[in-house]
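Enquirer: Task: produce atomic coordinates for the following.
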Amino acid sequence: MSGDRSEAAVQRIEAALARIARAADAPPHATAPAPAASANVMALIEKHETLRETVAQAIADLDAVIAEIDQ
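Expert: Here you go, the predicted structure:
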């Protein structure tokens, strides 16, 4: 009984190794991003840039207030 389980385990390992070898030998397939994903990424980039500009302006405003207080 124990030998059967060991043999089955070895067969599963060998099958897994064969799948790994096939995957390693297969040419990589490049997948183009889905158009919706690209649009989402572009929207996020635009929102990020807008947020960066808003934060930069807020920091400049704070710097001006601090400069007035220091005088």
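
Enquirer: before we move on, which element is the spatially most central residue of the chain in?
Expert: In the chain, the centroid-proximal residue (CA atoms, centre = their mean) is V41; its distance is 11.9 Å. Using DSSP states H and E, V41 maps to helix 35-70.

Enquirer: buried sites along that helix?
Expert: Of all the residues in helix 35-70, not one is buried under the rule 16 or more other CB atoms under 10 Å. Heads up, the C-betas are built off the backbone N, CA and C, glycines and all.

Enquirer: Give the other helices and strands that that helix contacts.
Expert: Packed against helix 35-70 by the contact rule (3 or more CB pairs under 8 Å, 6 or more residues apart in numbering; DSSP states H and E) you find no helix or strand.

Enquirer: count of neighbours near A23?
Expert: 8 (other CB atoms under 10 Å).

Enquirer: Pull the host helix or strand of it out as PDB, backbone CA atoms only.
Expert: Taking DSSP H and E as the definition, A23 sits inside helix 2-25. Output of helix 2-25 as PDB, limited to C-alpha atoms (Å, rounded to 0.1, in the frame of the first residue of the first chain):
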ATOM      1  CA  SER A   2       2.700   2.400   0.900                       C
ATOM      2  CA  GLY A   3       4.600   1.600  -2.300                       C
ATOM      3  CA  ASP A   4       1.500   2.500  -4.300                       C
ATOM      4  CA  ARG A   5       1.200   5.900  -2.700                       C
ATOM      5  CA  SER A   6       4.900   6.500  -3.200                       C
ATOM      6  CA  GLU A   7       4.700   5.500  -6.800                       C
ATOM      7  CA  ALA A   8       1.600   7.700  -7.300                       C
ATOM      8  CA  ALA A   9       3.500  10.600  -5.700                       C
ATOM      9  CA  VAL A  10       6.500  10.100  -8.000                       C
ATOM     10  CA  GLN A  11       4.200  10.000 -11.100                       C
ATOM     11  CA  ARG A  12       2.500  13.300 -10.000                       C
ATOM     12  CA  ILE A  13       6.000  14.900  -9.500                       C
ATOM     13  CA  GLU A  14       7.100  13.600 -12.900                       C
ATOM     14  CA  ALA A  15       4.000  14.900 -14.600                       C
ATOM     15  CA  ALA A  16       4.500  18.300 -12.900                       C
ATOM     16  CA  LEU A  17       8.100  18.400 -14.100                       C
ATOM     17  CA  ALA A  18       7.000  17.600 -17.600                       C
ATOM     18  CA  ARG A  19       4.500  20.500 -17.500                       C
ATOM     19  CA  ILE A  20       7.200  22.800 -16.200                       C
ATOM     20  CA  ALA A  21       9.500  21.800 -19.000                       C
ATOM     21  CA  ARG A  22       6.900  22.300 -21.600                       C
ATOM     22  CA  ALA A  23       6.100  25.800 -20.200                       C
ATOM     23  CA  ALA A  24       9.800  26.700 -20.100                       C
ATOM     24  CA  ASP A  25      10.300  25.600 -23.700                       C
END
